[in-house]
Structure formats: structure tokens, C-alpha cells
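[1] with the sequence up front, the predicted model follows.
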There are 2 protein chains.
Amino acid sequence: MENISKVWLGPLPADSPYVKPFRMYYVQNGVEKNWDLLKVHDSVAIILFNTTRQKLVLVRQFRPAVYHGVIASKEGSFDDVDLSAFPPSIGVTLELCAGIVDKSKSWKEIAREEMLEECGYDVSVERIEEVMKYRSGVGSSGARQEMYYCEVTDADKVNSGGGVEDELIEVVELSLDEGKRMVQQGAVNNSPPSCLMGLMWFFANKAPKNV
Amino acid sequence: MENISKVWLGPLPADSPYVKPFRMYYVQNGVEKNWDLLKVHDSVAIILFNTTRQKLVLVRQFRPAVYHGVIASKEGSFDDVDLSAFPPSIGVTLELCAGIVDKSKSWKEIAREEMLEECGYDVSVERIEEVMKYRSGVGSSGARQEMYYCEVTDADKVNSGGGVEDELIEVVELSLDEGKRMVQQGAVNNSPPSCLMGLMWFFANKAPKNV
């Protein structure tokens, strides 16, 4: 699905709407210190469980930041990345349905829209449960993320999902066994900790008890 | 513990060793796209359980990026942040013992050093279990994080921890009940998802079964 034909890097433009880096200065115990950080958007993530088919619904996509995280530790020119040495598949992640909070709507409404746009399920906000709130990163960005849980059925599926505009998002259904394997000891995932945390929360609190 | 007397923001210097922002360009399905991201260090995190006193060992610290994450959504001047309106305590987090991979040592050895420096426990690497590997962020940075688990006793405690140089890190011991409350439905934490994931993994796999 990634179908990437060329990759190259350039400097961050000063007017980037997504990544706004700063240096914060502060005086702690009388000592001046500083920390480099960036402003990113707050976000929502949704643990989606299709009860009709007993499947966890996740999304798979090419993530430039993950691709960069892999290649950045290697030698080579990044003016025109060698895609045979670094196949784009190394930047493909498996994640919960999620989205940034960039609209003047309630967070739960944004979660509802993301479920519809990314995964094709149309549900009312009343069916979305709040799970927990935390900081999506603490080292370089400190944005808030809220996690939700929603049970859906095949009857709620109104389109194939895949995102809006030029987003390329593949909807992936995992069996309960497949989800369990993602969070077992020794697992290696191209997933963020929020996704693994959501799966663990699901298995501890919501999964059918015979799993 | 935060004891912060002044906070202000400035531009990111071009030579920041911690935050290196880029714009990545790529061609996907024939369409040129771009994504703003930054390079951050890979890292380790350790779930620490003191079996002598049945306590989870975490760290509490002032995190500039979290403080910024809270104030960034408000109005006001950031040339000299009003600390009465934005008390530094809003930037204090509770996290697993963790550290960045910036030395030519094994990841497990770095985990061992962080346990000693931050929490004061001196253990051999053989006692550290690998839990799982994942991406510490997927939106703006795609660094690798590996999580470990280590059981310690009071006999392993050789100093009070607190970090090295001018780090100000407070060691916090949580009872099993306190740890459980951090990951229950409805919880609101100034913690990253990796910390909550680590706690969930501990309760599912390692906690005494009567908890």
C-alpha cells in the first residue's frame, strides 16, 4: 500500500503548521537551564472493537517520521534516499484509529469523525466511552491525548474508510489472538506505545473472558 | 521539588543537539507529499518493582515540554511566563525510569545505568528482562524505544538516585493499589503512554496474583 517512489529531506520551513520548535529557558533551584521542544497538536485515539466479527480495528499507514527514525541511524545521502537499501515498508505502522484536535469541536466528536473517515464506522458520540487522558510525549512534546473505546458492528459500517483527501490509510482487522501477540513479552512492533497500551487495556477490561 | 523561578521561550538554535527538525518529501502513488518531523534519540524505559516492599519505583520530574504543552493552548506572553497563572507543577510528570541511547553501549547496559543514576538501584544486566520494542512516537518522531522489567530489593539500593549533573529527579514509590489507579478507566495522568503501558503489562504479567 505504501507505493513510495522517491524520498528526500530538506530543512524545516519556518512556517510549518505542524512542527513548531522552540527552546524553553527556565531557572530551577537558582540554575538557568534550557530544553528544546516543539509544539504539536493534542490528539484522540480510539480502541475499536467490531463485536459482529470479534475483531479489533486498527489502521496501517506509511509514517514519514518512523521511516526517518529508521534511516537516520544509518550512513548515506538523504538528498535522494536509496529505496532499495531502505524500502518504504520499514516506515509502515500499525496503530489505533486516531486524529489531531485541530477543530473547534468536542474531542469526542473528533473521535467520532476519525472513526468514520479512517475506518468507515458511523456511530453516535453516546456510544464512545472515555478510557483515559495522558501526555502523548514528555521529552520533546507534551501534548494531551485522550483515549476512547467504542464497540461497533457490521451494521455501523457505511464506507471502506481510508482517510480523507490524500491520506492513504488501510483498515486492518485483527483477531483477538493477533492482538494478544502484539502485546506479549518479546514483541517488536512498528506501533506507538499508545496503541499497545490501548490493546492491553482492552484485554484487561473488555475482551471476551474466554480469550 | 520543581522550584522554578522563571520561564521564557526563544527560537530553536540551529545547532540543537536534541531536536533536529526536517521536512521529509516523498512521492506516494505519484503524488508529491511532505511531512514535518524531527530526529530524536532512541531510548530505554524500565518497569522497576521493589519486591522487598512490594512497590513500583517511578520518577517524578519537571518536564519543560509538558509545561509548554499546557501553556501553549492559552493566551499570554511567553517572553516571561506568569508563574502564578501557570504554576510549574502543571509540568511535573510521573514516569518510568528511562533514558536516551546516546552512548556506544548495549541498550540493556544503558537501562542498568539509568536505574542506578535515577533510582539508586545497582543490578547486573542479567537481571534485566526485555519486555518489548516499539516506536516512541509516530507523528513527529519515530524513534525506537525498548522497555525492560527488573525486580529489585532493598539490598540493591546503593544511593538515593535523583539523576546526574543538574538533573532533578525525585524517586517515587507507588503501592500496587496506587499503580492500579493510574491505569483504571477515567484516569487522568501527566504521564506518557509508555509508562501506563508498562504498568498495565506489569499488572497483567508480573504483579502478585492477589492484587
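    Arrived safely.

[2] average pLDDT across the helix ranked longest in chain A?
    Of all the elements of type helix in chain A, the one with the most residues (DSSP state H) is helix A:193-205. For helix A:193-205, mean pLDDT rounds to 97.

[3] quick one: buried residues of it?
    Under the neighbour-count criterion of 16 or more other C-beta atoms under 10 Å in any protein chain shown, helix A:193-205 has A:193-203 buried. C-beta coordinates here come from the backbone N, C-alpha and C atoms, glycine included.

[4] for chain B, tell me which of those residues show up nearby.
    Restricting the buried residues of helix A:193-205 to those touching chain B (C-beta under 8 Å from any C-beta of the partner chain) yields A:193-194, A:196-197, A:200-201, A:203.

[5] sorry, back to before: the longest helix of chain A vs helix B:193-205, what angle?
    With axes from the mean of the first three to the mean of the last three C-alpha atoms, to 10 degrees defining the directions, helix A:193-205 sits at 30 degrees from helix B:193-205.

[6] tell me where chain A has helices.
    For chain A, the helices defined by DSSP H cover A:64-71, A:107-114, A:176-182, A:193-205.

[7] where does pLDDT dip in chain A?
    A:1, A:73, A:75-77, A:165-167, A:210-211 (pLDDT under 70).

[8] okay, strands next: where are they in chain A?
    Secondary structure of chain A (DSSP state E): strands located at A:4-11, A:20-28, A:31-39, A:43-50, A:55-62, A:92-95, A:97-100, A:129-135, A:144-152, A:170-175, A:187-188.

[9] partner strands of the last one and their direction?
    Looking at strand A:187-188 with DSSP bridges, its partner strands are strand B:129-135 (parallel).

[10] what comes into contact with the partner strand?
    The contact list for strand B:129-135 (C-beta atoms under 8 Å, 6 or more residues apart in numbering or on different chains) reads A:66, A:69, A:93, A:183, A:185-193, A:196, B:47, B:108, B:142-150, B:198, B:201.

[11] redo that, cut-off 6 Å
    A:66, A:185, A:187-193, A:196, B:142, B:146-149 (C-beta atoms under 6 Å, 6 or more residues apart in numbering or on different chains).

[12] could you pull up phi and psi at the residue lying farthest from the centre of chain A?
    For chain A, the largest distance from the centre (C-alpha atoms, centre = their mean) belongs to A:Gly30, which lies 39.1 Å off. For A:Gly30, the backbone dihedrals (degrees, to the nearest 10) come out as phi 80, psi 0.

[13] not counting its neighbours along the chain, what's nearest it?
    The spatially closest residue to A:Gly30, leaving aside those adjacent along the chain, is B:Ser5, at 7.4 Å (C-beta to C-beta, 6 or more residues apart in numbering or on different chains).

[14] likewise A:Met147?
    Nearest non-adjacent residue to A:Met147 (C-beta to C-beta, 6+ apart): A:Val131, at 4.2 Å.

[15] just A:Val188 next, same as before
    B:Lys133 (4.5 Å).

[16] what distance do you get for A:Ile47 to chain B?
    11 Å (C-beta to the nearest C-beta, to the nearest Å).

[17] might one say that that residue is in contact with A:Ala204?
    No. The pair A:Ile47 / A:Ala204 is not scored as a contact, 11.6 Å apart, by C-beta atoms under 6 Å.

[18] can you pull up the bridge partners for A:Glu32?
    Applying DSSP bridges, one finds that A:Glu32 bridges with A:Val27.

[19] quick revisit: distance to A:Val101 added to the helices of chain A, as JSON lines?
    Formatted as JSON lines, the helices of chain A follow (distance: least, C-beta to C-beta, whole Å):
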{"stretch": "helix A:64-71", "distance to A:Val101": "19"}
{"stretch": "helix A:107-114", "distance to A:Val101": "6"}
{"stretch": "helix A:176-182", "distance to A:Val101": "26"}
{"stretch": "helix A:193-205", "distance to A:Val101": "14"}
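
[20] B:Val125: which of the ones you listed is closest?
    B:Val125 lies closest, by C-beta to C-beta, to one member of the helices of chain A: helix A:193-205, at 23.1 Å.

[21] now do the closest one: everything it contacts.
    A:45, A:47, A:95-96, A:147, A:179, A:182-183, B:134, B:193-194, B:196-197, B:200.

[22] which residues sit in contact with A:Gly161?
    A:118-120, A:171 are the contacts of A:Gly161 under C-beta under 6 Å, 6+ apart.

[23] give me phi/psi at it?
    Here is the backbone geometry of A:Gly161 (degrees, to the nearest 10): phi 70, psi -160.

[24] give me the nearest residue to it, chain neighbours excluded.
    Nearest one to A:Gly161, counting by C-beta to C-beta, 6+ apart, is A:Gly120 at 3.6 Å.

[25] counting neighbours, what do you get for the one you found?
    Residues near A:Gly120, counting by other C-beta atoms under 10 Å in any protein chain shown, number 17.

[26] tell me the spacing between it and B:Asn50.
    Computed as C-beta to C-beta, to the nearest Å, the A:Gly120 to B:Asn50 distance reads 47 Å.

[27] A:Glu95 now?
    Taken as C-beta to C-beta, the span from A:Glu95 to B:Asn50 is 34 Å.

[28] who has more neighbours, those two?
    Using other C-beta under 10 Å, the more surrounded residue of A:Glu95 and B:Asn50 is A:Glu95, with 25 against 19.

[29] residues touching the residue nearest to A:Trp35 when sequence neighbours are not counted, list them.
    In space, A:Trp35 comes closest to B:Pro64 once its chain neighbours are excluded; the distance is 3.7 Å by C-beta to C-beta, 6+ apart. Contact analysis of B:Pro64 by C-beta under 6 Å, 6+ apart lists A:24, A:35, A:37.

[30] deepest-packed of the strands of chain A, please.
    Comparing the strands of chain A by mean neighbour count (mean count of other C-beta atoms under 10 Å in any protein chain shown), strand A:43-50 ranks first with a mean of 24.

[31] tell me which strands and helices that strand is in contact with?
    strand A:55-62, strand A:97-100, helix A:107-114, strand A:144-152, helix A:193-205 (3 or more C-beta pairs under 6 Å, 6 or more residues apart in numbering or on different chains; DSSP states H and E).

[32] need these in JSON lines (columns: distance to B:Asp80).
    Listed next are the helices and strands packed on strand A:43-50 as JSON lines, based on distance: least, C-beta to C-beta, whole Å:
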{"stretch": "strand A:55-62", "distance to B:Asp80": "41"}
{"stretch": "strand A:97-100", "distance to B:Asp80": "30"}
{"stretch": "helix A:107-114", "distance to B:Asp80": "31"}
{"stretch": "strand A:144-152", "distance to B:Asp80": "25"}
{"stretch": "helix A:193-205", "distance to B:Asp80": "34"}
